[in-house]
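Colleague: here you go, sequence then predicted model.
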Amino acid sequence: MRKITDRAGSRPAGARANQHTPMNPVSIQPFPEPASAQRAVFVIGAGRSGTSTVARALAALGVELGQDFKRASRKNPTGFFEDAELLELSKAVRKRIGIRADSVRLIDADELQGDAMNDPQNKARQLIQRKFPNVPIWGFKYGRTLRILPFWEPVLASLNIEPSFVIALRNPLSVARSRARLDPRRGHQAVSDLEWLVSIVPYLGRTRPYRLCVVDYDQLIDQPVAELSRLAQELQLPPDLAPLERIEAYADEFLDRGLRHTRFSSDDLNSAPDLNPVVRDAYRLLLELAAGSPASGDDAFWQRWQLIEKRVAELAPMLSLIDARERERCRLMLNPLGPLQAFSMLKPWLRR
């Protein structure tokens, strides 16, 4: 897989020295670099996996998330903890390449690079420099960041920012049931599983040179202080960023265990007939990272993960077809003549 390099063709800013230099580096446009490097922590994960809870955990650990958050809602009453402007930009990038919130087609990296992305990438640089000046470690939560990671890579490299990644992981059975409370169609297990796959799998390999931590939602709810300690250790956050009382306040005052309506074990996945087997295997592999073994830099893990990526890549034609059909359905639903158009689509079948 391709990963970005700096303008001299060396490793990405902040990349671990024991990683090889990737082939086919992505060229980036010259941009003034700050005098000192920053770190950015991206919270990623499938919807309804606890990304907001993990983002709030980072704030408890002293990672700066900004002040202009998307407002809390019925969907997430405790808050989203994602910067509103960076969120709006991310969604605009997604829409520019024709990706809806529920799209499941795979995205080619070339779609997120080139001249068409110059303006949004420049805006991203401006937003970062305006919102996080002189901030050593800042964070941004947008669960679908992996979907558009090739957009962010040149931005971060040009600003000499080292990225880190935190995956909010949750049992896919719980994800589907949580999603069903908001949208029964998207909460169907088969539909939810496809969204889970495309949110996590395709570009995870591009994070390999950087710090990566997986946080399981159930483990975080059950033992928050221990999980925050592990999170800080795996991200190598400075110990003076967060006093212990802030971590304890997160555990005792912020977390609401009553918001967890379902809990499934890894064994429950074996008896779920509608569960996608690729999702099952990917979840269990990531769950090993959440347990601390193996480490995210372990070669054996990435070799196993490449098999997951291959299985998802093989689904590409089907995912593109599903996405095209769903796009057409949405177009008909939004058109005043939608029902009549839908009937006309059925006519060839009615003649049989």
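Modeller: Structure's in. What do you need?

Colleague: pull out the buried residues from the longest helix along the chain.
Modeller: When the chain is parsed with DSSP state H, its longest helix is helix 316-334. For helix 316-334, the buried set under the neighbour-count rule, 16 or more other Cβ atoms under 10 Å, comprises 319, 322-323, 326, 332. Any C-beta I mention is one placed from the backbone N, CA and C, and that applies to glycine too.

Colleague: repeat that for stretch 281-300.
Modeller: Counting neighbours by 16+ other Cβ under 10 Å, the buried set in stretch 281-300 is 282-283, 285-287, 289-290, 296.

Colleague: helix/strand/coil for Pro202?
Modeller: Reducing the assignment at Pro202 to three states with DSSP: H, G, I helix; E, B strand; the rest coil gives coil.

Colleague: my guess is it contacts Glu309, does it?
Modeller: Yes - using Cβ atoms under 8 Å, Pro202 and Glu309 qualify as a contacting pair, with a distance of 7.0 Å.

Colleague: higher neighbour count, these two?
Modeller: Taking neighbours as other Cβ atoms under 10 Å, Pro202 and Glu309 compare with Pro202 leading, 21 against 17.

Colleague: now the more buried one: how far from Leu127?
Modeller: Distance check for Pro202 against Leu127: by Cβ to Cβ, to the nearest Å, it reads 25 Å.

Colleague: likewise for Ala249?
Modeller: Distance of Ala249 to Leu127, given as Cβ to Cβ: 29 Å.

Colleague: where exactly do the helices run in the protein?
Modeller: Taking DSSP H as the criterion, the chain contains helices spanning 51-60, 84-96, 118-131, 149-158, 172-182, 189-200, 217-222, 224-234, 244-249, 277-290, 299-313, 316-334, 338-350.

Colleague: pLDDT weak spots in the protein?
Modeller: Applying pLDDT under 70 to the predicted model, the residue ranges of the chain that meet it are 1-36, 73, 79, 336-352.

Colleague: which strand residues bridge the residue nearest to Leu289 when sequence neighbours are not counted?
Modeller: By the measure of Cβ to Cβ, 6 or more residues apart in numbering, the closest residue to Leu289 outside its immediate chain neighbours is Val214, 4.1 Å from it. Per DSSP bridges, residues listed as beta-bridge partners of Val214: Ile167.

Colleague: surely Val214 is in contact with Tyr283?
Modeller: No - no contact is recorded between Val214 and Tyr283 when judged using Cβ under 8 Å, the distance being 10.4 Å.

Colleague: please enumerate the shared neighbours of those two.
Modeller: When Cβ atoms under 8 Å, 6 or more residues apart in numbering defines a contact, the residues bordering Val214 and Tyr283 alike are Leu169.

Colleague: point to the residue nearest the middle of the chain.
Modeller: For the chain, the residue lying nearest the average C-alpha position, counting by Cα atoms, centre = their mean, turns out to be Ile44 (2.7 Å).

Colleague: show me the contacts for that residue.
Modeller: Ile44 makes contact with 51, 142-146, 165-168, 199-200 under the criterion Cβ under 8 Å, 6+ apart.

Colleague: make it 6 Å
Modeller: When the contact criterion is Cβ atoms under 6 Å, 6 or more residues apart in numbering, the partners of Ile44 are 143, 145-146, 167.

Colleague: hey, what's it bridged with?
Modeller: Legend: beta-bridge partners of Ile44 under DSSP bridges are Ile167.

Colleague: against Leu319, how distant is Leu194?
Modeller: Taken as Cβ to Cβ, the spacing of Leu194 relative to Leu319 amounts to 7 Å.

Colleague: quick check: neighbours shared by the two?
Modeller: Each of Val104 lies in contact with both Leu194 and Leu319 under the rule Cβ under 6 Å, 6+ apart.
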